[in-house]
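[1] using only what follows, build the 3D model:
(one chain, ligands or ions: 1)
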Amino acid sequence: MDINAVNALSYEDFLEIFGNVIEKCPIIPAAIWIHRPFKSLADIEAHISDFIDSLPESGKEGILRCHPDLAGRELQSGALTRDSQEEQHAAGFTDLRPEEVSHMRSLNSEYKQRFGFPFIICARLSGKRDITRELQRRLGDSREAERVRAIGEVKKICALRLRNLVLSDPTNKL
Ligand SMILES: NC(=O)N[C@H]1NC(=O)NC1=O
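    Predicted coordinates for the structure are as follows:
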């Protein structure tokens, strides 16, 4: 799909395709559709990033709370979005031993209790071991630092989802 094809989409089709680039937050692609014509894939990414940055802290935290835990209940019950399922699989979380699952569950719940939102990391960029270590390390950070860090990870996840959607077509010109 090239940028002209993206710009030619109706908002219904745009949302159908890009609705989950920020996990369970279709309001974000719905909001930035107004900025068409987009110049490039990077331009779409920049509009999403600016929209997120313009939100009050409560809105940013709301985005964080739309994300499922890594190795959490939704993974076990098959209730993840397809994007999240693929990302958690890529990091190795679909292949954990029972004791690894309980370890992740207890770290996730400690993190949520401490910060009030779930631990978020771009799972496609690390493996389960590094992610578990990072979760332990980040438990010692301040709430403010974690909020900033987590939003940065949401943007990385978004960038990879966008690329995956658009660049999988070899004829693309984005
Ligand atoms: N909690 C969390 O990081 N969730 C996610 N990370 C990612 O890459 N996909 C997710 O759903």
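[2] and stretch 109-121, end to end?
    When the termini of stretch 109-121 are compared using CA to CA, to the nearest Å, they are 15 Å apart.
[3] just the mean pLDDT for it, thanks.
    For stretch 109-121, mean pLDDT is 98.
[4] cool, and stretch 45-54?
    Mean pLDDT, stretch 45-54: 98.
[5] what's that stretch in contact with?
    With CB atoms under 8 Å, 6 or more residues apart in numbering as the test, stretch 45-54 has contacts from 21-22, 28-29, 31-32, 35, 38, 60, 63, 151, 154-155, 158-159, 162. C-beta: built from backbone N, CA, C; applies to glycine.
[6] mind listing what's buried along it?
    Using 16 or more other CB atoms under 10 Å as the test for burial, stretch 45-54 gives Glu45, His47, Ile48, Ser49, Phe51, Ile52.
[7] now those as TSV including secondary structure and distance to Leu135?
    Shown next, in TSV, are these (DSSP: H, G, I helix; E, B strand; the rest coil; distance: CB to CB, whole Å):
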residue	secondary structure	distance to Leu135
Glu45	helix	26
His47	helix	30
Ile48	helix	25
Ser49	helix	24
Phe51	helix	28
Ile52	helix	22
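[8] columns distance to Asp141 on top of those, output as a markdown table?
    Compiled in a markdown table, the buried residues of stretch 45-54 are given as follows (distance: CB to CB, whole Å):
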| residue | distance to Asp141 |
| --- | --- |
| Glu45 | 26 |
| His47 | 29 |
| Ile48 | 25 |
| Ser49 | 22 |
| Phe51 | 25 |
| Ile52 | 20 |
